[in-house]
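Trainee: structure for the following, please:
(2 chains)
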Number of protein chains: 2
Amino acid sequence: MMERDITKELDPLFNPTSVAHIGATNNRNKWGFSTITSLIHTFKGPIYPVNNHEEQIQGLKVYKKVTDIPGPVDLAVFTIPSERVAAAMEECVQKGVKSAVIISAGFAEIGPEGKKLQDEVYAIAKRGNIRFIGPNCMGYWSASSSLAAFMMPLLVKDGPLAFVSQGGNVGAAVVVAGYERGVGFRHYVSCGCAADVQIEDYIEYFGEDPEVKVIMTYIEGLNNGARFTEVVSRVTQKKPVIVLKPGKTEAAAKAIKSHSGAMAGSDRVYDAAFKKMGVVRVDGPEEMLDVAIGFLTQPLPNGRNVAIITPGGSYGVLCADACEEGGLNVVKLPDKTIQELDKIFPPRWSRGNPVDPAGDRNFIAYLIAPAWLLDIKTVDALIFMGFGGFSLFGNLLLQQRTEQEKRMKPEESAQRDSALKAIIPIIEDIKSDNVYKVETAIKTLINMLGWVLGIQDKMEIEDLASMVIAAKRSGKIDDVLVNNLLDLANGTASLANSGRTRMDIINDMIGRLMRALSGQWIESYGKPVITTTFTEEQVKLIGNHYDYTSGKRAARVLLKLTEYNDYLEKTRAK
Amino acid sequence: MMERDITKELDPLFNPTSVAHIGATNNRNKWGFSTITSLIHTFKGPIYPVNNHEEQIQGLKVYKKVTDIPGPVDLAVFTIPSERVAAAMEECVQKGVKSAVIISAGFAEIGPEGKKLQDEVYAIAKRGNIRFIGPNCMGYWSASSSLAAFMMPLLVKDGPLAFVSQGGNVGAAVVVAGYERGVGFRHYVSCGCAADVQIEDYIEYFGEDPEVKVIMTYIEGLNNGARFTEVVSRVTQKKPVIVLKPGKTEAAAKAIKSHSGAMAGSDRVYDAAFKKMGVVRVDGPEEMLDVAIGFLTQPLPNGRNVAIITPGGSYGVLCADACEEGGLNVVKLPDKTIQELDKIFPPRWSRGNPVDPAGDRNFIAYLIAPAWLLDIKTVDALIFMGFGGFSLFGNLLLQQRTEQEKRMKPEESAQRDSALKAIIPIIEDIKSDNVYKVETAIKTLINMLGWVLGIQDKMEIEDLASMVIAAKRSGKIDDVLVNNLLDLANGTASLANSGRTRMDIINDMIGRLMRALSGQWIESYGKPVITTTFTEEQVKLIGNHYDYTSGKRAARVLLKLTEYNDYLEKTRAK
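Mentor: As a prediction, the model looks like this:
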């Protein structure tokens, strides 16, 4: 079998060096206006607006025809009415244009007449060796050429995801939501009717791109199921492919027909086929991003046994329900572990999984327990349900501190400030990696953290410090924790000088602490540690750390990671 | 049968005029510290800290025993260890305390020993006629006495919801999320082990309170299923009761046993019983708030037929799928309506339900269509999938406007400012309600809106204005729209003077427009109009308007409203 070189085929689309826009306009009521705006704001190479009636658009010289353009044209963007696309494509062939994106609607999706137009455009492009996206799409983004050829400006940034969507609006919403969550896209394509390049072609291309870590696709229907199956089965061996495919109901199938012109097909047939290909199927746009971020931030779990630790019993109940409903196993803890936890938690703790300290206020114990749970051989993953119960203290500490500070003598206040500033040289000590100094530095940092969190009990702080230092000595801790502590220290030092409120500082410190600890646990045990918050507010991805807003969402992500791992193990064993 | 007067029974709990806190402390590592802080920050009546070792707590005089307190005590709050609660309760009886909340843990939830302690406390309180919340709870909130007797400060405000939760953490998370969404609670109770007052007692009390519009409850297990059924069946005839009940899986049942000490019971039995009582069962804390807000903002639908209008085809597909999966009917539109919509939309529109203008840029048509859809007899409700496609123009307009303004002559700039300020007298004209003036005023306002939204086509604006004026003349429009337009105008005027960015103003205006229009549609047709956004960001409830973040969430809310209406019709017909 001769392998197609998909990278060579689609490179002109994803890495153009010059762009012509056929249908650029100054008329704000037309898509041609918003499209040229999107191009101008992103693309750094030459842009040539093509329009019969205008002389200048946003400072650029306008050409009447593509063939009038003096320099070479790698990509042509179409926003003219469908009936004029064929003639303009003919000119692109004459000009030697290498690739195109047809945003214009009014093709296969409107019925036989539109399909005829589409076939005509396809034949012309094929003859000229022009590969094209669309028609009837919202355009695309390629980080490798800093090109947003969208029909309207969208917030998007470079990153490890790649996404092809048969729905422009779902696609745009996911891309923008990703931006807001702090995760970026190497490529995003709204593929529309996919007359030429097919969904599976994009997936194959993304599969070859080493910058792409996770592939996502929204599908309404496929043109060539057999080729899709063949391609995707290969790609899932290399990286996860997440699929959102609606059409379970009659109403959706009808809506799909009028939207993309696709046949939704039997959902059961699709579902079985997806399972066979190792595709990760999700329920909606939100879950699509949740799972993508899960793949980016977590190792794959080796099995279905999950431990849960929660600062609140009822949250543990909801999370356990979601885990088992999805087919995960909320594993029984060994007696030995229960006895160990008996030593650090009050007698009222749950004495089982989910681990619930039942309102214990000793947050050190709560932070020691996860490592003990991950250390259990039969535990494949941990859901750590955040700091909710503890972070609520923030409010309280704030009030109390403010009162204390009002009564603080100037020399006390100066002492506090210099204590915070003293962190800066400690960072240098850690960098120098002298064992004695590192230990002192870690101890000092944790003391500082204790101060910020308002822990009075000196012994507790020393427990945490000793734990970290012991781990460091045994070689179990490496640069990850040290780096995260550096970050914590940097943060504390800069926060101290920033004039922000104490509440801000506390919340920020808790975020940094969570990130440092969960990063360390993942690194030490090679198991997923999925964290949650207690509020509905969407959290930003920071470094490799992401908090989900509920145990249910965390459970769903873990389940999808497990299913993908199962698939890989099964197919690789063959 | 003798009716109990639940209002009289529980009033001392919900409307105390003085509070003793047994276990108040200055030790920040104890719950007694955070609890007294919560009391001090909310309650306006006398607060008496009770503690053996301290003299003063946060400026308040401390008493060694409840019986040492000079004035009367309506409520006693307990945060002392469980083994000391019985003795202190005995003193409360001596003192003539009327009600109590026992936050302390270590009772029935830890096993037979704890249960014995609990029974003892119950017997003492019973003898003294003291009704109490808890033990093993997080406390409670009563807006009618501005009392937050929580074990930690929580964000909560007064409002039309009432909530009793068997999980303190789930409860707190819902209350705080409600606060962040802009909706408040008349009462919120973390009921813990519910040794005395039962979940159904709270529900009965909330049912009698005219300030409470929607009742919510999180249940792990019931002590008296028969009484719960009897009470709740009565209450659901008056107002909706939303229930979150986990425990479908073995893991959750076990977690419940160790958390609240309750027996989860068979989920199928519970589900059938809930249906019989007319309870609205939800999937999670987020959906609980979604549905509660739905009941607050929407009329009940008369049936299951839903129309969907979307600015993006793929969003319509996902929403249609969610509607039909839940048992709603994405209704076929009459031919007459299709022909009418043919006149305002481009030929490529979906010509069916969901109504998708397929990238039409004429936003006036998009805003006229909903009224036509609601006017169809067979349509029971509308899902209006927001302004996503249009609001994205905001970015674009912003850029373009800024460019224009840079080139604006000083006199043009002054003209624009005076145009915005001219809105203020128009408001007065509308208030005077002279028909001629009202028409001019509405026209001017809509012109202004057109200016802000960047619509160039004068005809389109006049179409919208004529539509509004015609509706006003026919009496179809009443004060709702006028008031909303006033708000729109007020907003525009104050925004113009606020120095905020144009992007902010556009987003704000779009929000106000959505609110004005959907309010008017609901008022005119008496049918639910559920709106959505295109981003993941949680939106605030403003007045009677709330945007859900996806079609799926909107569909779920509509389904729950429909189920409740079905239940009422069925039971009232009997």
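Trainee: contacts, neighbours, all on C-alpha from now
Mentor: Will do.
Trainee: what segments of the stretch 151-300 of chain A are helices?
Mentor: A:168-181, A:199-208, A:225-235, A:250-259, A:267-277, A:285-297 (DSSP state H, counting those that start in this stretch).
Trainee: ok, and what's touching stretch A:181-192?
Mentor: A:14, A:133-144, A:156-168, A:171, A:175, A:178, A:198-199, A:211-212, A:260, A:293, A:538-542 (C-alpha atoms under 8 Å, 6 or more residues apart in numbering or on different chains).
Trainee: so for it, first residue to last residue, what's the gap.
Mentor: Using C-alpha to C-alpha, to the nearest Å, one end of stretch A:181-192 lies 26 Å from the other.
Trainee: kindly report the same for stretch A:293-308.
Mentor: 20 Å.
Trainee: centre of the chain versus that stretch, how much separation?
Mentor: 15 Å (C-alpha atoms, centre = their mean, to the nearest Å).
Trainee: neighbouring contacts of it?
Mentor: A:183, A:213-214, A:240, A:316, A:319-320, A:327-331, A:353-355, A:373, A:378-385, A:522, A:526-530, A:544-546, A:557-559, A:561-562, A:565-566.
Trainee: now stretch A:518-536
Mentor: Defining contact as C-alpha under 8 Å, 6+ apart, one finds that stretch A:518-536 is touched by A:298-302, A:370-371, A:374-375, A:380-388, A:476-477, A:480-481, A:544-551, A:554, A:558, B:173, B:176-177, B:286, B:538.
Trainee: buried subset of the residues you listed?
Mentor: A:298-302, A:370-371, A:374-375, A:380-388, A:477, A:480-481, A:545-551, A:554, A:558, B:173, B:176-177, B:286, B:538 (16 or more other C-alpha atoms under 10 Å in any protein chain shown).
Trainee: filter those residues down to just the ones in strands.
Mentor: If you go by DSSP state E, the buried ones among the contacts of stretch A:518-536 have A:381-384, A:547-548 in strands.
Trainee: I'd like these laid out as JSON lines, including distance to residue A:573 and pLDDT.
Mentor: Converted to JSON lines, those look like this (distance: C-alpha to C-alpha, whole Å; pLDDT from 0 to 100):
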{"residue": "A:381", "distance to residue A:573": "22", "pLDDT": "98"}
{"residue": "A:382", "distance to residue A:573": "26", "pLDDT": "98"}
{"residue": "A:383", "distance to residue A:573": "29", "pLDDT": "97"}
{"residue": "A:384", "distance to residue A:573": "32", "pLDDT": "94"}
{"residue": "A:547", "distance to residue A:573": "34", "pLDDT": "91"}
{"residue": "A:548", "distance to residue A:573": "33", "pLDDT": "93"}
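Trainee: same list, those residues, but only the ones touching chain B.
Mentor: Among those, no residue sits close to chain B (C-alpha under 8 Å from any C-alpha of the partner chain).
Trainee: now, among these, which is nearest to chain B?
Mentor: Chain B has its nearest neighbour among these in residue A:548, at 13.1 Å by C-alpha to the nearest C-alpha.
Trainee: list the contacts for that closest one?
Mentor: Neighbouring residues of residue A:548 by C-alpha under 8 Å, 6+ apart: A:290, A:530-533, A:538-539, A:554.
Trainee: most neighbours among those, which one is it?
Mentor: residue A:530 (27 neighbours; other C-alpha atoms under 10 Å in any protein chain shown).
Trainee: and the most centrally placed residue in chain A, what pLDDT?
Mentor: Nearest residue to the geometric centre of chain A (C-alpha atoms, centre = their mean): residue A:293, 3.8 Å. You'll see residue A:293 listed with a pLDDT of 98.
Trainee: now swap in the one 4 residues further on and tell me
Mentor: Residue A:297 is assigned a predicted lDDT (pLDDT) of 96.
Trainee: tally up the residues packed near it, please.
Mentor: Neighbours of residue A:297 (other C-alpha under 10 Å): 19.
Trainee: farthest pair in the contacts of residue A:548?
Mentor: Greatest spacing in the contacts of residue A:548, by C-alpha to C-alpha: A:530 and A:538 (15.2 Å).
Trainee: check contacts around the closest residue to chain B within the stretch 101-250 of chain A.
Mentor: Using C-alpha to the nearest C-alpha, the closest approach of the stretch 101-250 of chain A to chain B is made by residue A:167 at 4.8 Å. The contact partners of residue A:167, by C-alpha under 8 Å, 6+ apart, come to A:137, A:190-192, A:218-220, A:260, B:313-315.
Trainee: also residue A:168?
Mentor: Going by C-alpha under 8 Å, 6+ apart, the list of residues near residue A:168 reads A:137-138, A:190-192, B:312, B:314.
Trainee: picking that back up, take the contacts of residue A:548 and lay them out in a markdown table including distance to residue A:114 and pLDDT.
Mentor: Below are the contacts of residue A:548 laid out as a markdown table (distance: C-alpha to C-alpha, whole Å; pLDDT from 0 to 100):
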| residue | distance to residue A:114 | pLDDT |
| --- | --- | --- |
| A:290 | 37 | 97 |
| A:530 | 48 | 96 |
| A:531 | 49 | 93 |
| A:532 | 49 | 91 |
| A:533 | 50 | 85 |
| A:538 | 42 | 76 |
| A:539 | 44 | 78 |
| A:554 | 45 | 96 |
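Trainee: going by distance to residue A:253, which of the residues you listed wins?
Mentor: residue A:290 (25.8 Å).
Trainee: neighbours of residue A:265, how many?
Mentor: 14.
Trainee: quick check: closest non-adjacent residue to it.
Mentor: residue A:221 (7.0 Å; C-alpha to C-alpha, 6 or more residues apart in numbering or on different chains).
Trainee: for the one you found, grab phi and psi.
Mentor: phi -170, psi 160 (degrees, to the nearest 10).
Trainee: I'd say it and residue A:263 touch.
Mentor: Yes: Residue A:221 is within contact range of residue A:263, at 5.3 Å (criterion: C-alpha atoms under 8 Å).
Trainee: looking at the two, which one has more neighbours?
Mentor: residue A:221 (22 against 16).
Trainee: contacting residues for that one?
Mentor: Counting by C-alpha under 8 Å, 6+ apart, residue A:221 has contacts A:262-265.
Trainee: okay, it: pLDDT?
Mentor: At residue A:221, pLDDT is 89.
Trainee: and for residue A:357?
Mentor: Reading off the model, residue A:357 has pLDDT 88.
Trainee: how many residues are close by residue A:133?
Mentor: 26.
Trainee: residue A:202 is in contact with that one, correct?
Mentor: No: with contact defined as C-alpha under 8 Å, residue A:133 does not reach residue A:202; the gap is 10.0 Å.
Trainee: under the pLDDT cut-off, which ranges of the stretch 351-500 of chain A? List them.
Mentor: For the stretch 351-500 of chain A, the stretches with pLDDT under 70 are A:361-364, A:387-500.
Trainee: my read: residue A:240 touches residue A:215, true?
Mentor: Yes: using C-alpha under 8 Å, residue A:240 is in contact with residue A:215, at 6.2 Å.
Trainee: settle it for me: which of these two has more neighbours?
Mentor: residue A:215 (27 against 23).
Trainee: which residues touch the more buried one?
Mentor: Residue A:215 neighbours (C-alpha under 8 Å, 6+ apart): A:161-163, A:203, A:206-207, A:239-242.
Trainee: also residue A:74?
Mentor: For residue A:74, the contact set (C-alpha under 8 Å, 6+ apart) comprises A:12-13, A:16-19, A:97-99.
Trainee: measure stretch A:530-550 end to end?
Mentor: Termini of stretch A:530-550 sit 11 Å apart (C-alpha to C-alpha).
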